[in-house]
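Trainee: Compute the structure for the input listed below.
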Amino acid sequence: MPLLPSSSSQWSVFDPRTRCGQVYLALLLLRCYSAFLGYGYIHPDEWMQSGEPYFGFTLSGNDARIPWEWRPDQALRSISSLRFRYVHVDFLLYLSRKLSGPLSGYKLFLIQRTCMLLWTLSLDIYILDFPPKTARYILCLFSISTAATTFLVRPFTNSHEANIVATCLISALSFYRNRTWYRPSGPGWHWGILLPTILAVEGLFARFTFAIFSFPIGLFIAYTHIRIAKQGYLKPAVTSFAIAIGAAMAALYYTVDSETDFYTRSAKVNKLEVATLWRSKWVIPPVNALLYNAKTENVAQHGLHPRWLHALVNLPMMVGVANCVVVVIHGWHFVKGLWTSSANESSMHDSPAGSTKAGPSDLASSKEEKEERKAVEQAIEASLTQGAASMSSSSSDITTPSPPSTSETDIEYVDIEPIAVGLSLTIIVFSLAMLSISPHQEPRFLLALTFPSTIIMAYALQSPFFTLRPVVLRTLISVHILQHLLQLLLFSFLHQAAVLPTLFSIDHSISLLPTYGDPLFNRYEHHLLYRTFSVPFHLLPHKGRGMFARIEHYDSSWSPEYLVHMASIACNHTWMYAPTWIVSQLKQIADDRGRVELVKVESFNWHVDMDHLGQSWSSVKDLGLKEAFAIQKLHVRCTSHAPQESAQPQMEESKDEAQEPQMVHEEL
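Mentor: Got it, this is the predicted structure:
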């Protein structure tokens, strides 16, 4: 529930006539630019845990390759969570077909980015639940972060998890601030308790690590009910808590039943066993994911890292170095203030002079904060007075009731800063400690901590410690902005950024093929992608399932010699796509064999492969910066005097044997 539902001061944050509104609008445009034109490919899970399974299950004829996590005998991913994350997609698909005809890879890309962008806008609106000045700080600091501009507009499960954690945190603070619902004149329960409880189930099935991030929030909500009960409002406290538990159990039952039905049907179609919970009939993906990740030999397949990596590298990368510095400084002062306040509490009761001593929250209150609090109280009082006047004027023929008691009309101002800072600090410390236990640590695993850390930074920058040190304040803000802009450039526009344009080009090429005649002779094209991130095949809707054209992806486990051999089978009808740093080697192999020649026809520039920076830099002098960091499209042409090729390069296993068998797509 917003602090001032009837006040326009909250929405003034978005007013382009104000300075804050102008800043927010500029950052929102930057976010949209990153979402729709940022082709950076951060990690294969960006597509393999989202669009690839979703369109593979729902879009008829799509040639998506369902990842192994969705096999019934693994059941590590939740179909319910995927549906919820893509809740806007069906409507956007309908609009796309109505307005612009058949689907293309680029349209599917835009639809998914639009869906995730809408989730970020809903979070922006939730932020208005904070006091106006603090909401302005949070909006500006969070909107410039790598989380908002880069990760949250991409369909990561981590992005979905981070959105839910932020929403639950705001809901918990709103629940704490509302002091009217449990009083005699109130409704007896707080409707806002339903949102975090239902979202908690969704978050848990999105990623099992959500339980770690949300654990302090759950404890805080339970503690708030206990506090209300101790104040003499036992019945509304018990009622509210029972409603929360009931809603959570209902959502849990529905979700588990949906997962069980989906994986059971998939197992029957593919003739596989189902990964049920302890030999029961129920399938619970977050439990399966937890058990899988609890084994070191499993996570070792994805990479092992030192356990200090989260704290010393990943957290500063995700939330920002300046943000980490502010969290440490303000967290230290916050804990120190609590300790001092607790130590002086007894003496304040014993000594009359002690009652005049200012506590930590009073010392932290600036002149602007006091003025804001006064304005809030005046607005509440004015709205109550106006409402009472209108009621009395419209009911002149009715006996005027006696005025309510002071305890029911006086709405106290609730300062949520100590709770917001304390709860956010607890989430950061607890989650960081728990996630550091695992030997597999990636930066995006900490994405959910960006919003709690932003809350702390927003309050800290208003505190006397920083406002009295303007040089330090400006330096921290400058470092914060600079770091996140550089990371935006890297992750949104450079990192593996030519993969998606390459796929869009292939999809367009296939769309130009005739739709009639023998598919082998009239529709045949062979496209080979080499040494790139995994290819999201759902972004090739013109290909069709099990049809020509033929599109294949080869990773580092395949030798360049084998790739040239595969490309030479159907020369003149084959195109290769490879990073510049390995193209010279491919051309040399082709020249040595004399069967084909590789001719560059196009390049997709600004493709940065962090694993091969050295090789790319070495070719900058000869090719230039854009050409060195690119994916080149090579036409495989038959030579006029092609000799008989020698024996096929020896491989331990053929390609068909090496690939994992594909699941039959069970339509949803």
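Trainee: residues in contact with Pro44?
Mentor: Neighbouring residues of Pro44 by CB atoms under 8 Å, 6 or more residues apart in numbering: Phe533, Ser534. In short, each C-beta sits where N, CA and C put it, glycine included.
Trainee: Quick check: which element contains Glu597?
Mentor: strand 596-605 (DSSP states H and E).
Trainee: Name the residues of that strand that come out as buried.
Mentor: Of all the residues in strand 596-605, those buried under the rule 16 or more other CB atoms under 10 Å are Val596, Glu597, Leu598, Ser603, Phe604, Asn605.
Trainee: okay if I get these as TSV plus distance to Glu161 and pLDDT?
Mentor: TSV is the format used below for the buried residues of strand 596-605 (distance: CB to CB, whole Å; pLDDT from 0 to 100):
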residue	distance to Glu161	pLDDT
Val596	47	94
Glu597	49	95
Leu598	44	96
Ser603	37	96
Phe604	32	97
Asn605	34	95
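Trainee: Which of these sits closest to Lys268?
Mentor: The nearest member of these to Lys268, counting by CB to CB, is Phe604 at 42.5 Å.
Trainee: Looking at the buried residues of strand 596-605, spot the one nearest Leu139.
Mentor: The closest of these, once distances to Leu139 are taken by CB to CB, is Asn605, at 34.5 Å.
Trainee: Identify the residues contacting that closest one.
Mentor: Counting by CB under 8 Å, 6+ apart, Asn605 makes contact with Ala498, Lys626, Glu627, Phe629, Ala630.
Trainee: Looking at these, which is nearest His330?
Mentor: If you rank those by distance to His330 using CB to CB, Phe629 comes first, at 40.1 Å.
Trainee: Tell me the pLDDT of the closest one.
Mentor: On pLDDT, Phe629 comes in at 97.
Trainee: Show the contacting residues for it.
Mentor: Residues counted as contacts of Phe629 (CB under 8 Å, 6+ apart) are Leu494, Thr580, Asn605, Trp606, His607, Val608, Ser616.
Trainee: If we use 7 Å, what do you get?
Mentor: Asn605, Trp606, His607, Val608, Ser616 (CB atoms under 7 Å, 6 or more residues apart in numbering).
Trainee: I would like the residues contacting the helix or strand harbouring Leu92, please.
Mentor: For Leu92, the host element (DSSP H and E) is helix 89-100. Here helix 89-100 makes contact (CB under 7 Å, 6+ apart) with Leu103, Lys107, Ile111, Thr114, Cys115.
Trainee: Tell me which of those residues fall in helices.
Mentor: Within the contacts of helix 89-100, residues falling in helices by DSSP state H are Lys107, Ile111, Thr114, Cys115.
Trainee: Show me the two of the residues you listed that sit farthest apart.
Mentor: Put simply, by CB to CB the two of these set farthest apart are Lys107 and Cys115, 12.7 Å from each other.
Trainee: Report the contact partners of the residue nearest in space to the middle of the chain.
Mentor: Closest to where the C-alpha atoms of the chain average out (CA atoms, centre = their mean) is Ser159, at 0.9 Å. Contact partners of Ser159, counting by CB under 7 Å, 6+ apart, are Met116, Phe151, Leu152, Leu447.
Trainee: so which of the residues you listed is the most crowded?
Mentor: In terms of neighbour count, Leu152 stands highest of the contacts of Ser159 at 28 neighbours, by other CB atoms under 10 Å.
Trainee: Give me the pLDDT value at that one.
Mentor: The model reports Leu152 with a pLDDT of 98.
Trainee: Just the buried positions in the longest helix seen in the chain, please.
Mentor: Looking across the chain with DSSP H, the single longest helix is helix 234-270. Residues 236-237, 239-241, 243-244, 247-248, 251-252, 255-256, 258-260, 262-263, 266-267, 270 are the ones in helix 234-270 that count as buried (16+ other CB under 10 Å).
Trainee: likewise stretch 480-487?
Mentor: His480, Ile481, Gln483, His484, Gln487.
Trainee: and the residues you listed as a markdown table, adding secondary structure, distance to Val335 and pLDDT?
Mentor: Converted to a markdown table, those look like this (DSSP: H, G, I helix; E, B strand; the rest coil; distance: CB to CB, whole Å; pLDDT from 0 to 100):
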| residue | secondary structure | distance to Val335 | pLDDT |
| --- | --- | --- | --- |
| His480 | helix | 23 | 98 |
| Ile481 | helix | 28 | 97 |
| Gln483 | helix | 26 | 98 |
| His484 | helix | 27 | 98 |
| Gln487 | helix | 30 | 98 |
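Trainee: just those now: which is nearest Leu194?
Mentor: The closest of the buried residues of stretch 480-487, once distances to Leu194 are taken by CB to CB, is His484, at 34.3 Å.
Trainee: quick one, what contacts that closest one?
Mentor: Ile144, Ser145, Thr146, Gly320.
Trainee: Likewise for Leu219?
Mentor: Residues counted as contacts of Leu219 (CB under 7 Å, 6+ apart): none.
Trainee: Tell me which helix or strand it sits in.
Mentor: Applying DSSP H and E as the criterion places Leu219 in helix 210-230.
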